[in-house]
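>>> Structure for the following, please:
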Amino acid sequence: MKCINKILLLIFCLLNVSLFCGCGKKDIPYAFERNSSLSTLAISSSNTLYLESDTFAKNLCIDDGNYIPLNVETSYAAGLFDIEDNSVLYGKNMYEEMTPASITKLLTALVALKYCDPNQVLTFTDACVVNENGAQKINLGVGDTMTMDQALNILLLFSANDVAMMIANNFEGGYVEFIRVMNEEARNLGATHTNFVNPHGLTEDGHCSCVYDLYLILNELSKNERFIKIVSQNGYTTSFTKADGSIKTLELKSTNLYINESHETPQGYTIIGGKTGTTEAAGKCLIIYYKDVAEKPYIACILKSDDYDTLYNDMDLLISSSK
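This is a model prediction of the structure:
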């Protein structure tokens, strides 16, 4: 009898271990529990998972499949969300799990804004170093310091990956705890197709989200005045302290072509802000929060465009269709 009980206990443990895997990777220690059968259901049956999820919040955009006559052919995934009427105006591959590149930093910012003191002094350490070739950085050195508020401005406007690592590594409880809290916040928002394994969005096994989940994250951030103030800037100038005590000044430009006025905003609309993202795996990505002439708010998201012209032309099409 004892032998049978031990066997049953072993089977139970193995089954539970299998639940702790996200987006195809089974060795991520901080991946949150996900129901694989429900995940498959959501991909094949539109928003079924979101409607059935116990954690899914009320007063969010409901996808009834009744879209406006629009076809964003050149980008792989897209979504257009009417925030005031709580409706999905358009969707394409909205629930497919994909790598979101630096749009990941929205969730990094959400955690920092919610749990961290803006005056906290952050220190860059060896653990914060980003070695990937071509990664966006401000080239911080070990021992450099800045405040959390400075870091958030640089993170959201310039998308610096070394700053994302500095935020996560200076979190109370450390890097792994920061990633755990990121996923917990995503789960609490109902972002059932999101599993992040880093704070910056550089390509890594197990790191994924989807258009609808990214809408959920930006929708939550749009309620935060500090976030809106940061992402609406076309640039940011600040000075931080180097390890040797010297002061270095940064003059940074927003990576959002609407905000930095490199791409004209469709007439009658105002871009409040959002987040860009690009990697070889993710393509060109963009999510924005904007308003029409009546101050009605919308969120539009595009993932995996081939180039910036395609990305912004498709985004123009989404924006101009939100009437």
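>>> Can you identify each of the strands in the protein by residue range?
77-82, 87-92, 121-123, 145-147, 235-241, 247-253, 269-279, 283-292, 297-305 (DSSP state E).
>>> could you measure the residue most central in space within the chain against Pro199, distance?
In the chain, the centroid-proximal residue (Cα atoms, centre = their mean) is Thr104; its distance is 3.0 Å. Remark: distance between Thr104 and Pro199 (Cβ to Cβ, to the nearest Å) = 7 Å. (Each C-beta comes from the backbone N, C-alpha and C, glycine too.)
>>> which sections of this protein are below the confidence cut-off?
Low-confidence segments of the chain (pLDDT under 70): 1-58.
>>> Now do the contacts for the residue lying closest to Thr203 once chain neighbours are set aside.
With sequence-adjacent residues excluded and distances taken as Cβ to Cβ, 6 or more residues apart in numbering, Thr203 is closest to Ala281, at 4.5 Å. Contacts for Ala281 (Cβ atoms under 8 Å, 6 or more residues apart in numbering) come out as Thr99, Ala101, Thr203.
>>> residues near the second one, how many?
The burial metric for Ala101, expressed as a neighbour count using other Cβ atoms under 10 Å, is 28.
>>> Surely it is in contact with Leu286?
No - the pair Ala101 / Leu286 is not scored as a contact, 9.9 Å apart, by Cβ atoms under 8 Å.
>>> what is in contact with these two at once?
What both Ala101 and Leu286 touch, as defined by Cβ under 8 Å, 6+ apart, is the set Gly277.
>>> which parts of stretch 132-149 are buried?
Buried positions in stretch 132-149, judged by neighbour count with 16 or more other Cβ atoms under 10 Å: Gln136, Lys137, Ile138, Leu140, Asp144, Thr145, Met146, Thr147, Met148, Asp149.
>>> For that stretch, measure first residue to last.
25 Å (Cα to Cα, to the nearest Å).
>>> from here on, count from 3
All set: I'll call the first residue 3, so the last point we hit is now stretch 134-151.
>>> who touches it?
With Cβ under 8 Å, 6+ apart, stretch 134-151 has contacts from 104, 114, 118-128, 130-132, 156, 160-165, 168-169, 172, 202, 204, 240, 242-246, 250, 252, 254, 257.
>>> doesn't Tyr97 make contact with Tyr214?
Yes - counting by Cβ under 8 Å, Tyr97 is a contact partner of Tyr214 at 5.8 Å.
>>> Nice, that's everything, thank you.
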